[in-house]
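Peer 1: structure, please.
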Amino acid sequence: MKKETTALVVALHMLMASTVFAADTGATTATSPTAAATTAIAPSTTSTGADTTSTTNTAANTATTTTNNTSTTPTSTTSTATTPSATTTSTPTDSASPTSSTSSTTSTTPQSSTTTTPSPTTPTVSDVPVGDQQQWYDTINSKYQQIVQLRQQDQALQNQLKDQNEKNKEAAKTRFSPLTDAEKSQIQQARAANKQLIDGQVKPLQEQIKSLNEQIKGLRDQGKGAIQAGDARGENVPEIVALREQINALKKQIADIEGQRKTNMSAVQPLLDKQKQASALWKSVHDQVAPLREQQKGLWEQAKAQHQTLDASWKNFWSAVNSGNLSGASAALDQVISVKTQIIAYKQQILTLKQQVNSIYTSNAPSTATSTDPTSSSLQP
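Peer 2: So this is what the prediction gives:
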């Protein structure tokens, strides 16, 4: 949008600063490529014996006349003669078609006529009377003010879209996890306490059980060898029984620890149930929101395509400015206004859809009933 402001200001200054809007009552030389006014120069040259050259412009006597988009350019006729002396004298005439005559034996007389008539549907600056040029400027400036207002409206709409996005994110976060930070902390503490029980107590006990099982396996291997050697008591039954009793005691300790883990999690189970219900509700809400998001996506694609048209309109405007085409510049600004208005309309529809999404979030708010908050002392590591 800043680019648009700069473009318009520069373009208007270009039009005002050039001869486009100059109140020149005499012959006008157009600076634009499409200017129709021309300055006629009709010299008449005569060769004499002196080393002096004189040129007289007869533009004042044969000025170009432009009326109702019709230009008349006088015919320029030049007659050149060459004599032994290198002196040339130009003598103008006051006729509509000036003619140059010489007394030389060798004479060359080329004749050229040029007439330029601009299109009546695309007036250029030089075609417009000085009094009407201000009207053109006022028209373009008025359209510029419209574009400024549209730009401000677009910026305000962008801010609304941004704010609505933040509201929707917060609402979605609440629907997905309706737990407060304190409740989330309680769940984390319970899980941390259980992890400490596993790492600090359960795993060491499991390592001891593994070691005892390896000892039992070794005793059995020894017993098999003794039996094969004829020793009836080679099974080492008493030693194996003692090891099994130790293993059972260790397993009982692990069972007690598992009981403590369940107690820790049961203290926060209402919070876990609340989170589970919110997840199920979120799935239902998502099914309602998904079609609205698809519509938003389609509108964004259409707005994106309009931006390409907007860029092309600005290029047309600059092309018209550079060529001094007032009606072309005005028409290009009309196109800019039209496209900009359409883009704003798309964004307004997108904002409406986002507001509908927020309404769905708030109308499907989960239950706010709170459970008994467990204290940190109830979590036993």
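
Peer 1: tell me where this structure has strands.
Peer 2: Listed in chain order, the strands of the chain (DSSP state E) span 45-48, 53-54, 65-67, 70-72, 76-77, 80-81, 87-90, 107-108, 111-112.

Peer 1: could you report the distance from the closest residue to Q201 other than its chain neighbours to Q246?
Peer 2: Counting by CB to CB, 6 or more residues apart in numbering, the nearest residue to Q201 once its immediate chain neighbours are dropped is I257, at 5.3 Å. C-betas here are computed from N, CA, C, even on glycine. Shown here: I257 relative to Q246, a distance of 17 Å by CB to CB, to the nearest Å.

Peer 1: compare neighbour counts for the two and give me the winner.
Peer 2: Residue environment comparison for I257 versus Q246 gives the larger neighbour count to I257, 18 against 14, counting by other CB atoms under 10 Å.

Peer 1: gap between that one and M265?
Peer 2: In this view, I257 and M265 are 13 Å apart by CB to CB.

Peer 1: next one: Q308
Peer 2: Using CB to CB, which is the criterion applied here, Q308 is 58 Å from M265.

Peer 1: so between the two, which is more surrounded?
Peer 2: Neighbours per residue, other CB under 10 Å: of Q308 and M265, the larger number sits with M265, 16 against 10.

Peer 1: for the more buried one, give me its contacts.
Peer 2: Shown here is M265, whose contacts under the criterion CB atoms under 8 Å, 6 or more residues apart in numbering are 190-191, 194, 272.

Peer 1: with N213 instead?
Peer 2: I247.

Peer 1: tell me the pLDDT of it.
Peer 2: Per-residue confidence at N213 stands at 93 (pLDDT).

Peer 1: start at 31, not 1
Peer 2: Understood, numbering begins at 31; the last thing we discussed is N243.

Peer 1: one step back: which one of the contacts of M295 has the most neighbours?
Peer 2: Highest neighbour count within the contacts of M295: A220, with 24 neighbours (other CB under 10 Å).

Peer 1: just give me the neighbour total for the residue nearest to Y376 when sequence neighbours are not counted.
Peer 2: What sits nearest to Y376 in space, not counting adjacent residues and going by CB to CB, 6+ apart, is A333, at 4.2 Å. Around A333 sit 17 other residues, with neighbours defined as other CB under 10 Å.

Peer 1: dump the residue contacts of A333.
Peer 2: Going by CB under 8 Å, 6+ apart, A333 touches 373, 376-377, 380.

Peer 1: show me which positions of stretch 220-232 end up buried.
Peer 2: By neighbour count, and taking 16 or more other CB atoms under 10 Å as the criterion, the buried residues in stretch 220-232 are 220, 223-224, 227, 231-232.

Peer 1: put the alpha carbons of that stretch into PDB.
Peer 2: C-alpha atoms of stretch 220-232 as PDB (Å, rounded to 0.1, in the frame of the first residue of the first chain):
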ATOM      1  CA  ALA A 220       1.700 -37.100  39.600                       C
ATOM      2  CA  ARG A 221       3.500 -38.400  36.500                       C
ATOM      3  CA  ALA A 222       6.800 -37.200  37.700                       C
ATOM      4  CA  ALA A 223       6.300 -38.900  41.100                       C
ATOM      5  CA  ASN A 224       5.400 -42.200  39.300                       C
ATOM      6  CA  LYS A 225       8.400 -41.900  37.100                       C
ATOM      7  CA  GLN A 226      10.600 -41.400  40.200                       C
ATOM      8  CA  LEU A 227       9.100 -44.600  41.800                       C
ATOM      9  CA  ILE A 228       9.900 -46.600  38.600                       C
ATOM     10  CA  ASP A 229      13.400 -45.300  38.200                       C
ATOM     11  CA  GLY A 230      14.400 -45.200  41.800                       C
ATOM     12  CA  GLN A 231      12.700 -48.300  43.200                       C
ATOM     13  CA  VAL A 232      11.000 -50.600  40.700                       C
END
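
Peer 1: now the helices for the stretch 281-411 of the chain?
Peer 2: Read by DSSP state H, counting those that start in this stretch, the stretch 281-411 of the chain holds these helices, from start to end of the chain: 299-352, 356-393.

Peer 1: before we move on, back to that, same list (the contacts of A333) but as CSV, adding distance to N198, pLDDT and neighbour count.
Peer 2: What follows is the contacts of A333, written out as CSV (distance: CB to CB, whole Å; pLDDT from 0 to 100; neighbours: other CB atoms under 10 Å):
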residue, distance to N198, pLDDT, neighbour count
I373, 22, 92, 21
Y376, 19, 93, 18
K377, 16, 93, 19
I380, 12, 94, 20
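
Peer 1: make a markdown table out of these and add distance to L280.
Peer 2: Shown next, in a markdown table, are those (distance: CB to CB, whole Å):
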| residue | distance to L280 |
| --- | --- |
| I373 | 73 |
| Y376 | 70 |
| K377 | 69 |
| I380 | 65 |
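
Peer 1: pick out the most distant pair among these.
Peer 2: Across the contacts of A333, no pair lies farther apart than I373 and I380, at 10.7 Å, counting by CB to CB.

Peer 1: is A202 in contact with N394, as I believe?
Peer 2: No. Here A202 lies out of contact with N394, judged by CB atoms under 8 Å, at a distance of 11.0 Å.

Peer 1: give me the domain ranges for this protein.
Peer 2: Listed by automatic domain parsing, the domain ranges of the chain are 67-119, 180-397.

Peer 1: going by mean pLDDT, which of the ones you listed comes out lowest?
Peer 2: Least confident of the domains of the chain, judged by mean pLDDT, is domain 67-119 with a mean of 37.
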